[in-house]
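Chemist: give me the fold of what follows.
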Amino acid sequence: MFLDDRGNAVFHEGVYFNGARVDRNETAAGGGGETPEASASEEWKEFTSTADFFTANFPGQPVVTETPWKSEYGAYLPAHAYTVKKCPAVYSMTVVDYNLDKPILAEAAKRCAPNPERGELKGGGEEAWKNDVRGAMVYPAFRIMQRDVTVTHCMWNYLGHGPEGHEL
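Modeler: Residues are numbered from 1 along each chain as shown. Predicted coordinates:
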């Protein structure tokens, strides 16, 4: 996951084979002895989304689905999931637009009663959106770690084009 040129959080959920993450350098038994990586290797193409301001490699044309994303602080934000299914692998990436986070959470703070146990003035206060945006890459990483998975690697990464992110 990384931030795109507009500061939107982009989550790349990886490559999966029968529910397990597949590394490009690993092999797995698939139909006819091919791995999903091997059967799709000639089909990888650069895909550009002008709507979400990113370019990424996919093993085919992704299907784009609008989906709401619930942020850590409870704001429902617009998001697009980009998915390519190459049986049995699924390649998925989600882009979340955090531009509405501030007005949504500021308005919610006006309606909420204070929570003194957490040191909040009003439901996190009118400035809660700042921490929501700051944690935009950590929160989905935590959500992935809560799945039935074993995390074998977690690090910060820089892609060389400006975006930085977490690599799981």
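
Chemist: list the buried residues for stretch 65-77?
Modeler: In terms of neighbour count (16 or more other Cβ atoms under 10 Å), stretch 65-77 has its buried residues at W69, S71, E72, Y73, A75, L77. In this view, the C-beta of every residue, glycine as well, is placed from N, C-alpha and C.

Chemist: name the element R143 belongs to?
Modeler: Assigned by DSSP states H and E, R143 belongs to helix 138-145.

Chemist: just checking: what are the partner strands of the helix or strand that that helix is followed by?
Modeler: Remark: after helix 138-145, the chain's next helix or strand is strand 155-158, criterion DSSP H and E. Taking DSSP bridges as the criterion, strand 155-158 forms sheet pairs with strand 164-167 (antiparallel).

Chemist: average model confidence for the partner strand?
Modeler: If you average the pLDDT over strand 164-167, you get 76.

Chemist: what residues of it count as buried?
Modeler: Buried residues in strand 164-167, counted by 16+ other Cβ under 10 Å: G165, H166.

Chemist: state which strand of this protein is the longest.
Modeler: strand 76-86 (DSSP state E).

Chemist: buried residues, that strand. List them.
Modeler: Neighbour counts over strand 76-86 (16+ other Cβ under 10 Å) mark L77, A79, H80, A81, Y82, V84, K86 as buried.

Chemist: quick one, the longest helix along the chain and strand 76-86 angle?
Modeler: What stands out as the longest helix in the chain, according to DSSP state H, is helix 101-111. If you take axes from the mean of the first three to the mean of the last three Cα atoms, to 10 degrees, helix 101-111 sits at 130 degrees to strand 76-86.

Chemist: which strands and helices sit next to helix 101-111?
Modeler: Packed against helix 101-111, as judged by 3 or more Cβ pairs under 8 Å, 6 or more residues apart in numbering; DSSP states H and E, are the following elements: strand 76-86, helix 128-134.
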